[in-house]
Structures are given as C-alpha cells and as structure tokens.
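> Starting from these lines, generate the structure:
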Amino acid sequence: MKLPEPQTKTFSTLVGEIENGQIKIPQFQREFVWTIHKSAALIDSIIKGYPIGTFIFWRTNERLRSVKNIGKLDLPEPKPGEFVDYVLDGQQRLTSLFASLQGVILTREDGRKDNFSQIFIDLEAQDSEQIVITDIAGKDEKSLISILNLLKGSFLLLAAYPQNYHDKIQAYKNRIESYQ
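This next block holds a predicted model:
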C-alpha cells in the first residue's frame, strides 16, 4: 500500500485543475458559507505570505455518485478513466480562492448572489494594514485594483495605473500567482 505524499501546487495549477473539472466536492461536504469579507481576508493573507492551511484531496479514478462543482459552477466532467481529486478538507478556502481570484458570481441557497469580482487591493495600504478590501467607499479609485484586473488585466490596463504603484502591482500579482 502506497502512503499519501504531501504535494504543493501553485495557484495557476490549482485553478486549471478546477476549471478542467479535475477537482470536485463530494456531496457530503457542507455548502459554501464564507462571506466576501472572509474571502478578502484569505487573499490578504496570501499577499502577505502567511500560511493558509492545507487542502486534503482524495485522488481516485472512481466516480462518486453525487458530487458538486466548486462554487456550483458548470464545470466539465473529466474524461473516463482520468483521476479526480475530491476535496476532503479545505472546501471553504478552496471555493473562496477560486471565486475571488476568478471573479465568480455565486448564487447562495437562499437565492442571494455574491459578486466575488468586487474584491480590491488598496495600493495605498501598508503591510500592517488590510491590503485586500471589499469596502471601497471614500477610497481614491486610482489607488484600487480589483483582484480580477490584477491577475487577468492586460498590460495596458496595468500600465495605466500611476507609476508609483507599478512595483506593488507586480509584487502582489507575483505573490498570488506563485503562492504554494
């Protein structure tokens, strides 16, 4: 019997596996309950280099009869015979990361919709402050960048920010994309 071995993955690898339908949530997992504010705090921890815990997956090429997709999104099914990683621990964090970093609009059980594209980085915030925020009232629009624009924005969009923010923008983008 082969014992499980810990593995590390980058954000982009994890997102790719979710988008390809290789990561699924077993039906016995509870619903996603994290708020946008809690998700913003998780991204804040990543940007600051703090540990966010581990995810535990059960990798098998068997299919469970009843599964959910991350964030209840319409994701593809893996090809027959391909392995699937079922989330045993970390579903709230994993769904939160995926929804936040992909700008997903999630529909809750009660019909309420949460727009996870409304999470921003305050480029004026110091490392000791909350860098990732959801309340942008009273903030200068030029000192805010959405997580979605940070990760998927074109060169022109990112270059349009004031020069004094360019180093921070690049550093934050690198920290998220390379986080293990």
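> Only C-alpha atoms from now on, for both contacts and neighbour counts.
Noted.
> what about the helices in this structure?
Ranges of helices within the chain are 11-19, 36-47, 91-102, 147-152, 155-159, 166-178, based on DSSP state H.
> Name the residues that touch the longest one?
Contacts of helix 166-178 with the rest of the structure, by Cα atoms under 8 Å, 6 or more residues apart in numbering, involve 10, 11, 12, 46, 47, 49, 123, 150, 151, 158, 159.
> State the number of residues packed around the first one.
Meaning residue 10. Applying other Cα atoms under 10 Å, we find 12 residues neighbouring residue 10.
> Select only the buried ones of the contacts of helix 166-178 in ChimeraX?
A single ChimeraX command selects the buried members of the contacts of helix 166-178 (16 or more other Cα atoms under 10 Å):
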select :11,46,47,123,150,151,158
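> Tell me the one among the contacts of helix 166-178 nearest to residue 94.
Taking Cα to Cα as the measure, residue 94 sits nearest to residue 11 out of those, at 10.3 Å.
> rewinding a little: tell me the one of the contacts of helix 166-178 nearest residue 75?
Set against residue 75, the nearest of the contacts of helix 166-178 by Cα to Cα is residue 12 (16.6 Å).
> before we move on, back to that, what is the nearest of the contacts of helix 166-178 to residue 31?
Nearest to residue 31 out of these is residue 11 (Cα to Cα; 22.5 Å).
> Let me see the contact set for that closest one.
Each residue near residue 11 by Cα under 8 Å, 6+ apart is listed here: 176, 177, 178, 179, 180.
> Now list the buried members of these.
Neighbour counting with 16+ other Cα under 10 Å marks 176, 179, 180 as buried within the contacts of residue 11.
> Going by distance to residue 23, which of the contacts of residue 11 wins?
For these, the nearest to residue 23 is residue 180 (17.0 Å; Cα to Cα).
> now that closest one, nearest residue through space, not along the chain?
Leaving aside its sequence neighbours, residue 180 sits nearest to residue 10 (Cα to Cα, 6 or more residues apart in numbering; 4.8 Å).
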